[in-house]
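> I need the structure of the sequence given here:
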Amino acid sequence: MKNRIARAFILSVALATIAGCSGGTLEDIAPKKAQRQLPSKIVAEMSAKGMKKTSPILMRIFKEESVLEVWKQKNNGKFDLIASYEICKWSGELGPKFLEGDRQAPEGFYTVTPAQMNPNSSYHLSFNIGFPNAYDRANGRSGVHLMVHGDCSSAGCYSMTDPQIEEIYAFARDAFAGGQAAFQIQAYPFRMTPKNMARYKDDPNFEFWKMLKVGYDHFEITKQPPKVDVCEKQYQFNRIPAEGHTFRPTEACPPSSVPEWLSVRYEQHKKEQDKEFTRAQSFWAGSAEPPKPTILGFDEAKLVADWSRRRARGEKVAARPPSLPSPTAIAKAEPAKTEPEAAPAPVAVAANPAPVAEPAAPVAFATRLQQAKTAAAPAAADPAPTAVSSIPSPAPSTEEQQELAAAIEQQKAPQRRSAFSGLFARIMGN
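Reported below is the predicted structural model:
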């Protein structure tokens, strides 16, 4: 073992010395896989579209469609799609990454610099996408080493096949060689069309996705990477601050404006999108296809992160991470109940209406947590407590507390009646 370590150390020193003496860099002697050139077919297509080999790039990722796109700048300054790859694997559900260990692949706007490229990755080739960014940090989100890499395995990353990552890596390498200081990655849950937005309009992540859609639409209009800032813990796109002002992630947004031409184009685009969104709601209302599962914020992230920690410690846990049922999926699978068939006549109902449960009733809250407890629990022989009992989570609302208390009292009632009956029998027997 000592000999191997010594040889590795000597080799690393020798490589660094060679690079220094030759006036080159370690990148110059990087593995051949990091130096492979783009296929001639792609090079020919770039030329036909007015793109240089070393012109800037941009990448877009769509989870639901499992697609990674590479866009490249043309001679006119606008970007055009040059390559599209099927993502081999990405982990988690639709929705952003919240916590270290929640196994979520990030969503948002990220920046990749040359320092984030790893030609010696254990996953063939890789680059760090830059999570957490300013928005993530402002909103208390955490995690490290979120990558696009090869090897087709993922626990929070976007994983490609080895041949795919070699091409993607080459696009980035060539753009950096041409002088691009950093390229943008736009990671989305799905293509942000009105139809897809309408499909997830009841999802807890909808407001976050609406915010991402502004940046998505700006790119669709301009075909140029949007300028991204953060203030009041929200993304801001293509906004120019007034003189003497700046954007600070957790502070109030400064006076700012969008270039007039873009503002006019965006408002026209948004009106058309809103009309399509309204029509799409009717489409999904009659559809039996349920939305895809989504992560339910920090509550679910805490469950999965605890599962990950316990699994890493070697504890017996469920084969798959725990999850909470998505409200949109439940709404599709279990339509709201109508009045029972045996309901009294309308007059009687009006005089003494039966209580109707709210859509997000506290009993449903308790049921979801119990399901999560069951999913996160270790094997029967493992005495360790369940994940939920060890994770601090936001306290239920007053209505939830009352409903849960009532449910518990209802469950205890038969036991109390049984105990009272036994006591009464003993008294009578005496």
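> in the protein, which spans are helices?
Here the chain has its helices, by DSSP state H, at 2-22, 40-48, 134-138, 162-177, 194-199, 206-222, 260-285, 297-312, 327-333, 346-351, 362-376, 398-429.
> doesn't residue 267 make contact with residue 221?
No - between residue 221 and residue 267 there is no contact under C-beta atoms under 8 Å: 10.7 Å. The way it works is simple: take the backbone N, C-alpha and C, and place the C-beta from them, glycine included.
> Out of the two, name the residue with the larger neighbour count.
Legend: neighbour count by other C-beta atoms under 10 Å for residue 221 and residue 267, higher for residue 221 (16 against 10).
> give the contact list for the more buried one.
Residues near residue 221 by C-beta atoms under 8 Å, 6 or more residues apart in numbering: 262, 265-266, 269.
> if I look at it, how far off is residue 146?
29 Å (C-beta to C-beta, to the nearest Å).
> And residue 205, by the same measure?
Separation of residue 205 from residue 146 (C-beta to C-beta) stands at 18 Å.
> Neighbours of residue 247, how many?
Neighbour count of residue 247, defined by other C-beta under 10 Å: 17.
> which non-adjacent residue is nearest it?
Counting by C-beta to C-beta, 6 or more residues apart in numbering, residue 247 lies nearest to residue 229, which is 3.9 Å off, once chain neighbours are set aside.
> Hmm, residue 245 and that neighbour touching each other?
No - the criterion here is C-beta under 8 Å, and residue 229 misses it with residue 245 at 11.2 Å.
> of these two, who's got more company?
Set residue 229 next to residue 245 and count neighbours by other C-beta under 10 Å: residue 229 wins out with 22 against 13.
> related to what we said a few turns ago, hey, what's the residue nearest to residue 247 bridged with?
Judged by DSSP bridges, the bridge partners of residue 229 are residue 236.
> pLDDT score assigned to it?
Residue 229 carries a pLDDT value of 98.
> That one: what's it in contact with?
Residue 229 touches 235-237, 239, 247, counting by C-beta under 8 Å, 6+ apart.
> distance of it from residue 251?
Distance, residue 229 to residue 251, by C-beta to C-beta: 12 Å.
> cool, and residue 214?
On the measure of C-beta to C-beta, residue 214 and residue 251 end up 20 Å apart.
> same deal with residue 168?
For residue 168, the distance to residue 251 equals 36 Å [C-beta to C-beta].
> now do residue 181
For residue 181, the distance to residue 251 equals 26 Å [C-beta to C-beta].
> So for these two, which sits in the more crowded spot?
For residue 181 versus residue 251, neighbours defined as other C-beta under 10 Å are more numerous around residue 251 (13 against 10).
> The more buried one: what's its closest spatial neighbour, skipping adjacent residues?
residue 231 (6.3 Å).
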